[in-house]
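Asks: 3D, please:
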Amino acid sequence: MFRKKLGLIGALCALSAALACSKSHETSATTKDSAATTTADAASSDDDSKTNDPPLDCTKAFVPGNAVGILTKPATVSAYTYRPRSCSIEIPDGGSIKIYTGSDFTSELSWNDVTGNSHHGKYTEFPGVGDRALYKTDDGTEFFTKKGKIWCTATLMGENSVPGNFVHQSSAALAAKLGALCTKVFAFN
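Replies: Down below sits the predicted model:
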């Protein structure tokens, strides 16, 4: 009798182990299938993190002289590392011009914000840059343009915190200078 119980306990343990391994194998297969599906979905998604845009070498597209008439002090050119394909022309004490460009969703988003909602009334059309361009009417510190599938935004940063770093001028005159930076981006592509 003891032998039968021991045999029965052994058989139950073996059956439990077999079932556990079977479920583990199913979970593993499901996880692998799920991971493969997730990888395939990511490859075919609208993921903004990867674009087909060629790299933009900021030091080849821009020179410090591009800031003359916008910034009051000698400037340097660097990649704006918080956003791919973007550049910064800046002076040591905080004034800078940021140029954002690309064909990705993030680049398009700024354009859509300016052209497609209540902010549109705050911007004026600017002819001669890209297919269409707009600048911030009241001070010219923001410039948005599109040429083909490439968007470009040029904007002043820090103009309110350090006013002595920026050349005072009309909004249209400043927009023309910022637009020239986007024209350089379009020529570089």
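
Asks: contacts, neighbours, all on C-alpha from now
Replies: Will do.

Asks: What about Asn189, how many residues nearby?
Replies: 12 (other CA atoms under 10 Å).

Asks: Not counting sequence-adjacent ones, nearest residue to it?
Replies: Spatially, and ignoring its direct neighbours in sequence, Asn189 is nearest to Pro54 (7.4 Å; CA to CA, 6 or more residues apart in numbering).

Asks: Need the three-state assignment for that neighbour.
Replies: What DSSP: H, G, I helix; E, B strand; the rest coil gives for Pro54 is coil.

Asks: Cross-check the contact I'm expecting between it and Phe188.
Replies: No. Shown here, Pro54 and Phe188 do not form a contact pair, counting by CA atoms under 8 Å, at 9.8 Å.

Asks: Of those two, give the one with the bigger neighbour count.
Replies: The neighbour comparison of Pro54 against Phe188 (other CA under 10 Å) goes to Phe188, with 14 against 10.

Asks: Distance of the closest residue to that one other than its chain neighbours relative to Leu178?
Replies: Counting by CA to CA, 6+ apart, Ala61 is the residue found nearest to Phe188 once chain neighbours are left out, at 6.3 Å. Separation of Ala61 from Leu178 (CA to CA, to the nearest Å) stands at 14 Å.

Asks: hmm, back to that, what's the residue nearest to Phe188 in contact with, if anything?
Replies: Lys184, Val185, Phe188 (CA atoms under 8 Å, 6 or more residues apart in numbering).

Asks: Cheers, nothing more for now.
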